[in-house]
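Engineer: Sequence unavailable; structure follows:
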């Protein structure tokens, strides 16, 4: 019987190696897999490259991961905003490398990786620092920049519901980067509010088929936490 369901988030993120490229879904807090990020923080993987829309908000989630010193490089569109003080401090101290990618280019580079597209031309960024060192081309009188796909070793995403095969449905705008990241990573780990019985998801509503998902964990009750502290995989299972 195929089941991709894991008992807890610590188990779900186990095996992520030092130096891995990790895609993290979300647009700000919407769709950010906070529990999986916390589990990654509880582990030991370091020298990570993170691909995400932004560089974290406040002090929790992605911001905490950046602040831990375990992220060597971040590829994102919005590294700075009102509450991005953690990234700001780390970047100014020279402890993290930043690759700035316009949001449309970021989404298309991720999508291209999942679709098997070798590269694509885009007008976004032409004539700016974004295009430095990149191939350019004029097509029908318009100038374009050649961009390459963004692949990852692991994608951490969040969905509303999933089944044991890994089929996922999302809630509203929390869908954002999740589906394309799932297709662009070698291993996709999805946290869901609940795991439902096989066959109970409307096939027409499934956005990410289980083909693109390797591990699923329900985070509704969060039995692995005690007073906000991880109790460890053994105690949580």
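Structural biologist: Okay, I see it. Computed from a predicted model, the values in this text were never measured in an experiment.

Engineer: hang on, isn't residue 42 packed against residue 10?
Structural biologist: Yes - contact criterion C-beta atoms under 8 Å: residue 42 and residue 10 qualify, at 6.3 Å. Quick note: C-beta positions are derived from backbone N, CA and C, even for glycine.

Engineer: out of those two, which sits in the busier spot?
Structural biologist: Higher neighbour count among residue 42 and residue 10: residue 10, with 24 against 15, using other C-beta atoms under 10 Å.

Engineer: Give me the phi and psi angles of that one.
Structural biologist: Torsion angles at residue 10 (phi, psi; degrees, to the nearest 10) stand at phi -60, psi -40.

Engineer: for stretch 75-82, what is the average pLDDT?
Structural biologist: Mean pLDDT, taken over the full extent of stretch 75-82, equals 89.

Engineer: Check what contacts that stretch and list those residues.
Structural biologist: The contact list for stretch 75-82 (C-beta atoms under 8 Å, 6 or more residues apart in numbering) reads 49-55, 57, 87-88, 91, 98-103, 106, 150.

Engineer: tell me how far the ends of stretch 164-172 are from each other?
Structural biologist: Start-to-end span of stretch 164-172 (C-alpha to C-alpha, to the nearest Å) is 22 Å.

Engineer: Distance of the residue of the chain most remote from its centre relative to residue 123?
Structural biologist: For the chain, the largest distance from the centre (C-alpha atoms, centre = their mean) belongs to residue 141, which lies 36.3 Å off. The spacing between residue 141 and residue 123, counted by C-beta to C-beta, to the nearest Å, is 11 Å.

Engineer: Which parts of the chain are strands?
Structural biologist: 21-24, 48-51, 71-76, 97-100, 120-122, 136-139, 142-147, 152-162, 168-169, 185-195, 215-218, 225-226, 229-230 (DSSP state E).

Engineer: Lowest average pLDDT across those?
Structural biologist: Note on these: lowest mean pLDDT is at strand 225-226, with a mean of 50.

Engineer: what's the least confident helix or strand in this structure, going by average pLDDT?
Structural biologist: Scoring the helices and strands of the chain by mean pLDDT, DSSP states H and E places helix 233-236 at the bottom, with a mean of 42.

Engineer: re the thing from before, now mean neighbour count too, for the strands of the chain, in CSV please.
Structural biologist: Below are the strands of the chain laid out as CSV (neighbours: other C-beta atoms under 10 Å):
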stretch, mean neighbour count
strand 21-24, 26
strand 48-51, 24
strand 71-76, 20
strand 97-100, 14
strand 120-122, 16
strand 136-139, 10
strand 142-147, 17
strand 152-162, 26
strand 168-169, 24
strand 185-195, 21
strand 215-218, 24
strand 225-226, 14
strand 229-230, 14
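
Engineer: JSON lines for those strands, including distance to residue 33?
Structural biologist: Converted to JSON lines, the strands of the chain look like this (distance: least, C-beta to C-beta, whole Å):
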{"stretch": "strand 21-24", "distance to residue 33": "7"}
{"stretch": "strand 48-51", "distance to residue 33": "12"}
{"stretch": "strand 71-76", "distance to residue 33": "15"}
{"stretch": "strand 97-100", "distance to residue 33": "21"}
{"stretch": "strand 120-122", "distance to residue 33": "27"}
{"stretch": "strand 136-139", "distance to residue 33": "36"}
{"stretch": "strand 142-147", "distance to residue 33": "26"}
{"stretch": "strand 152-162", "distance to residue 33": "4"}
{"stretch": "strand 168-169", "distance to residue 33": "12"}
{"stretch": "strand 185-195", "distance to residue 33": "5"}
{"stretch": "strand 215-218", "distance to residue 33": "10"}
{"stretch": "strand 225-226", "distance to residue 33": "15"}
{"stretch": "strand 229-230", "distance to residue 33": "16"}
